[in-house]
Each structure stands twice: as C-alpha cells, then as structure tokens.
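# Fold the stuff below for me.
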Amino acid sequence: MGKRRKHGKTTNRHHLIFQGQHYKTGYGKLLRDAFVYELDIKIHDELHHDVLHDVPKPPESQLKAAWDAFRDQKGIIIAYDIIKACEWLKNACSDKAWRACMQRQLEFLQSRLGK
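Residues are numbered from 1 along each chain as shown. The predicted structure follows:
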C-alpha cells in the first residue's frame, strides 16, 4: 500500500530503481539513491501496484558503468525531470530485462504526466 496522506501531503518519494531489497549495496545502491523523485501519491501507487513490480538487477559490471557515466554527467543529469531521468537510466545498462522494465515505467510516466 502507498503511504497515507499526512498533513496535506500529496506526493511520495519514488525511486526509479526499485525494489530497494535488490539494490542495497554496491553501484546499484549508489544509482538507486541518485534517482529519487517526488511523484503524486495516486500515480506512485498505480505504478507500483498495476504497472511494474520491480526493476531486475543487471550485472554489477553494468551498474558500475552506469554509475561512472552518471558521475561524469552528474551536473546535467541531476537537473533532469523524472521522465528524462528514466529515459537516461533505460539506456544506462544493456541488460534486456532492465531496459524492458525501464521502458514500461517510462511509458507509464509519460502517459500520466502528459509529456
């Protein structure tokens, strides 16, 4: 379940790389922590409950390459909105399952956020 609205709160923090249990250590954790965005609670809940359960973890070597690329471009990437960030992540690893899940998440966010 999503978090309850407290004190008028209408957003939740969404990690584009989820579930956290798969990304607790190493480059996966570094990337997970770098790609967190506020997302409307209703959209966040729909994404997690109806669209995508989690993002499969690629090999550590791919996560390292993605982290190195992020570090090299950090000044640009941290200014990305959630859609552009998801698009960047989709292309950051060559793992097919990763890319497929990022694509589903990207399409959902584009449809809900109107971009």
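# can you map out the helices along the protein?
26-34, 41-46, 60-77, 82-92, 96-113 (DSSP state H).
# Including distance to K9, could those go into CSV?
Yep, even glycine has a C-beta here, placed from its N, CA and C like the rest. Output for these, formatted as CSV (distance: least, Cβ to Cβ, whole Å):
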stretch, distance to K9
helix 26-34, 21
helix 41-46, 8
helix 60-77, 27
helix 82-92, 18
helix 96-113, 19
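# Figure out which of those helices is closest to T11.
Nearest to T11 among the helices of the chain is helix 41-46; the distance by Cβ to Cβ comes to 6.2 Å.
# Alpha carbons only: can I get that closest one in CSV?
Provided in CSV are the C-alpha atoms of helix 41-46 (Å, rounded to 0.1, in the frame of the first residue of the first chain):
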residue,chain,number,x,y,z
ILE,A,41,0.7,9.5,-4.4
LYS,A,42,-2.0,8.2,-6.7
ILE,A,43,0.4,7.9,-9.7
HIS,A,44,3.0,6.3,-7.4
ASP,A,45,0.6,3.7,-6.1
GLU,A,46,-0.7,2.9,-9.6
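# C86 - how many residues pack around it?
22 (other Cβ atoms under 10 Å).
# of all the helices of the chain, which lies closest to H15?
With Cβ to Cβ as the yardstick, what comes closest out of the helices of the chain is helix 26-34 (5.5 Å).
# List the buried residues of that closest one.
Residues of helix 26-34 classed as buried: 27-32, 34 (neighbour count, 16 or more other Cβ atoms under 10 Å).
# And stretch 47-54, by the same measure?
47-48, 51.
# Next step: those residues restricted to strands.
Cross-referencing those against strands under DSSP state E gives no overlap.
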